[in-house]
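Asks: Need coordinates for the following:
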Amino acid sequence: MIFDPNVILKHLPEIIQGTGVTLALWIAGMAFGIALGFLVATTRRYGGKATNVVLAIPVEILRGTPFLVQIFLVYYGGPFAGLSLGPIPCGLICLTVYSAAYYSEVFRAGFAAVPHGHVEAAECLGLSRVQIIRRILLPEMALIVLPPSVNLAVILLKESAVLSIITVPELTTTISAIGSQEYAFLEAIFLLAVIYWAIVEASAKLGRIAEARLSTFRFSAP
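Replies: Residues are numbered from 1 along each chain as shown. You can find the predicted model right below:
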């Protein structure tokens, strides 16, 4: 078996397009997941015990079942419930909901890590609940939740490869098709690994830069 780089060059436009789809779905799914996860974590914290229990159930179900199974249920089982989605919308929704379950736990742990005395001091000053979240909780927990959030982003990127199962035209689908078409499986698998590795390294580097800039918000427990 001979490694032929010409196969990569020949299909470079398709590879770039597939990489773009992967990045778009990953970033969008992560952004929506962070927003939804933060909403869930905030609601569980301030919504009372009943709300906490109700929201905890879907979070635990999503965290306790494989992402592949969730995709199958939505894509193939959705039409039986009147929900018929194309591959890309289905993939985006699944990535969003899946990541939201994990991010909600990250944010919930971040809220719990902020010293309670800081929150009590803000309440004594007359700050509203929204102001406490925006001015106290968010800045102080940002540094705490950043490392697990970056790790979760990397995991989400790798999980996005599963979307090839429902024919989303992302990176894995595109390169696998090229490998089958050209009988160049070594080149395809090698390139796939290199691209994912490069994106992961870039994400980790950005995470370290963000952590360094947020270090001014460090605090010590009383």
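
Asks: could you pull out the strands for the chain?
Replies: Applying DSSP state E to the chain gives no strands.

Asks: Tell me how far the most centrally placed residue in it lies from Q70.
Replies: Centroid check for the chain by C-alpha atoms, centre = their mean gives M30 as the closest residue, at 3.8 Å. M30 sits at a distance of 16 Å from Q70 (criterion: C-beta to C-beta, to the nearest Å). All C-beta atoms are positioned from the backbone trio N, CA, C, and that covers glycine.

Asks: Check S164 too.
Replies: Taking C-beta to C-beta, one finds S164 at 15 Å from Q70.

Asks: Equivalent analysis for K205, please.
Replies: Using C-beta to C-beta, one gets 30 Å for the distance from K205 to Q70.

Asks: try L92
Replies: The value you get for L92 to Q70, if C-beta to C-beta is used, is 13 Å.

Asks: What is the neighbour count of T96?
Replies: For T96, the count of nearby residues is 21 (other C-beta atoms under 10 Å).

Asks: now do I189
Replies: I189 has 13 nearby residues by other C-beta under 10 Å.

Asks: Surely it touches G179?
Replies: Yes. With contacts counted by C-beta atoms under 8 Å, I189 reaches G179, the gap being 7.0 Å.

Asks: Just give me the longest helix of this protein.
Replies: helix 12-46 (DSSP state H).

Asks: on contacts alone, who are the packing partners of that one?
Replies: With contacts taken as 3 or more C-beta pairs under 8 Å, 6 or more residues apart in numbering; DSSP states H and E, helix 12-46 sits against helix 48-64, helix 87-113, helix 138-159, helix 171-182, helix 185-214.

Asks: any residues touching the first one, and which ones?
Replies: Taking contacts as C-beta atoms under 8 Å, 6 or more residues apart in numbering, the residues outside helix 48-64 that touch it are 40, 43-45, 47, 70, 97-98, 100-102, 104-105.

Asks: 7 Å instead?
Replies: 40, 43-44, 97-98, 101-102, 104-105 (C-beta atoms under 7 Å, 6 or more residues apart in numbering).

Asks: got the angle between it and helix 12-46?
Replies: Interaxial angle, helix 48-64 versus helix 12-46 (axes from the mean of the first three to the mean of the last three C-alpha atoms, to 10 degrees): 150 degrees.

Asks: pLDDT of helix 48-64, averaged?
Replies: The average pLDDT for helix 48-64 rounds to 93.

Asks: If you count neighbours, what's buried in it?
Replies: Across helix 48-64, burial judged by 16 or more other C-beta atoms under 10 Å covers 55, 59, 62.

Asks: cool, and the last one?
Replies: Neighbour-count burial for helix 185-214 flags 187-188, 190-192, 195-196, 199, 203, 207 (criterion: 16+ other C-beta under 10 Å).

Asks: can I get those in a markdown table with pLDDT?
Replies: A markdown table is the format used below for those (pLDDT from 0 to 100):
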| residue | pLDDT |
| --- | --- |
| E187 | 86 |
| A188 | 87 |
| F190 | 89 |
| L191 | 90 |
| L192 | 91 |
| I195 | 94 |
| Y196 | 95 |
| I199 | 94 |
| S203 | 92 |
| G207 | 86 |
